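Chemist: got a sequence here, can you build the structure:
(one chain, ligands or ions: 1)
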Amino acid sequence: MLKFRSVAMLAGVSLMLGACGGPESAQESEAKPTWEEFKAQAYREPWEGGKIIVNGDEALDSEEELAAYFRNVVEAQLGKSQDGLAVYYIGGDIKWSSTQKTNLTYCISNNFGTNKTKVVNAMASATAAWQATASVKFVYLSQYDSACTASQTGVLFDIRPVSGQSYVARAFFPNSSRSGRNVLIDSSAFGNLSPWTLTGILRHELGHTLGFRHEHTRSTSSGCYEDSQWRALTTTYDRASVMHYPQCNGTQTGDLVLTTLDKQGARALYP
Ligand SMILES: [Zn+2]
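Modeler: Residues are numbered from 1 along each chain as shown. As a prediction, the model looks like this:
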């Protein structure tokens, strides 16, 4: 799988950006209601033993049934028709469980030395971007920084420096074993990456850690098709996605940021 190639190729193709064509107009779509919003909007018959009404005239017996309806009908429908991104899929979505998704712990190796503060700050910003839109929570446990290795079981994943690699950074998917759950940042990431920043690169890498595939594998015309192990969270293919390499007929020309469709896709997978 090419996932670990990650944004490695970006730096070498920055001069190609001007030739990538104009931005594609992203389809705006309605924001998906949260469970709390959906529950608040549901009509309840105002009497003892009254039912909860959906679709105008369909009664549900309980809030448990309403919750099941929300999961099976509302979320599924919106996920297929309106949301962006493609999730890694092998007979099922590769994603974090409902309990794990809000406790994604990590450490940042002291081996970054003078670059460590840059990594700490970039991670704070990159995690915030995903947390602002999806029900996920990354938790920095700095007490493990002095032993932040691939075998550190006090955290879900480790962030360590490497050098001389073919990539700027690489990450992992939620089905990786503990030893494979690392975000490795090459020394080249601390040089000039313009128009990208370390924060932008980590936004992309964290997308993988949440289960998102490269958006360009959704299109053979991108020239960067990878494989078919993914499930589209929308019918709309997003060439500007944070998960799309710009050089693969992408349209994002600045730093790697989450698009409207990225945010909707993230919410669809982690409501
Ligand atoms: Zn990648």
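
Chemist: which non-adjacent residue is nearest Thr127?
Modeler: Phe138 (3.9 Å; C-beta to C-beta, 6 or more residues apart in numbering). Glycine gets a C-beta too; all of them are placed from N, C-alpha and C.

Chemist: enumerate every residue touching that neighbour.
Modeler: For Phe138, the contact set (C-beta atoms under 8 Å, 6 or more residues apart in numbering) comprises 104-106, 123, 127, 130-131, 206.

Chemist: helix, strand, or coil at Leu202?
Modeler: helix (DSSP: H, G, I helix; E, B strand; the rest coil).

Chemist: tell me which stretches of the stretch 101-250 of the chain form helices.
Modeler: For the stretch 101-250 of the chain, the helices defined by DSSP state H, counting those that start in this stretch occupy 116-131, 198-209.

Chemist: quick one, which of these is nearest to Gln100?
Modeler: helix 198-209 (11.6 Å; C-beta to C-beta).

Chemist: who are the packing partners of the closest one?
Modeler: When contacts are defined as 3 or more C-beta pairs under 8 Å, 6 or more residues apart in numbering; DSSP states H and E, helix 198-209 packs onto helix 116-131, strand 169-170, strand 182-186.

Chemist: just want the angle from the last one to helix 198-209.
Modeler: It refers to strand 182-186. 150 degrees (axes from the mean of the first three to the mean of the last three C-alpha atoms, to 10 degrees).

Chemist: just checking: what are the partner strands of strand 182-186?
Modeler: Take DSSP bridges as the rule and strand 182-186 pairs in its sheet with strand 157-162 (parallel), strand 169-170 (antiparallel).

Chemist: give me the mean pLDDT for the last one.
Modeler: Looking at strand 169-170 alone, the average pLDDT works out to 94.
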